[in-house]
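based on what follows, work out the 3D shape:
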Amino acid sequence: MENQTTANKAILKKLIDEAFNSRNLDVLEEVLHPDFINHQEVFPLEAKKGPAVFRELYSVFFSIFSDVKADYTHVIAEDDYVMARDFISGTNDGEIMGKPATGKKVKFEVFHLYRVQDGKLIERFGLTDDVSLMKQLGFMPEE
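Residues are numbered from 1 along each chain as shown. So this is what the prediction gives:
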């Protein structure tokens, strides 16, 4: 069981470190199952299944926050699940939600729970602190 736990953590860290932080989107086919489903739609995406989901999602993120980075503080695995808590930070230098770039630096928290099948991530459930992000961008009042 320990080998599976270690492997599941490694596959998620590879997704974050290489695909997201290093912007090597070719890694997506290595870490995401062809039947991958993301249950948290952050932006309306055309892709609904497989690595194309994150290829599109990450490309949108990179266009909104060109210096975006994820720093994970926890990666926890059990059985065929692996979870990360991370902080996404970057400068809003691209259009977001139809609004022009604000130039503001943001940092917000995200929790991701993935299910692993055949050594790849096949399913994701996510929770993002959207309220904090909207406040930092000036789209919501601070109070």
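
where does pLDDT dip in this protein?
Confidence mapping of the chain against pLDDT under 70 gives the ranges 1-2.

what segments of it are strands?
Counting by DSSP state E, one finds strands in the chain at the ranges 32-38, 69-78, 81-91, 105-117, 120-128.

next one: the nearest residue to residue 73 once chain neighbours are set aside from residue 76, what distance?
Of all residues beyond its chain neighbours, the one nearest residue 73 is residue 85 (5.4 Å), with distances taken as C-beta to C-beta, 6 or more residues apart in numbering. All C-beta spots, glycine's among them, are computed from the backbone N, C-alpha and C. Per C-beta to C-beta, to the nearest Å, residue 85 is found 8 Å from residue 76.

circling back: between the strands of the chain, which one is nearest to residue 55?
Distance to residue 55, taken as C-beta to C-beta, is lowest for strand 32-38 among the strands of the chain, at 9.1 Å.

now the angle from the closest one to strand 105-117?
Interaxial angle, strand 32-38 versus strand 105-117 (axes from the mean of the first three to the mean of the last three C-alpha atoms, to 10 degrees): 120 degrees.

run me through the strand neighbours of strand 32-38, direction for each.
strand 120-128 (parallel) (DSSP bridges).
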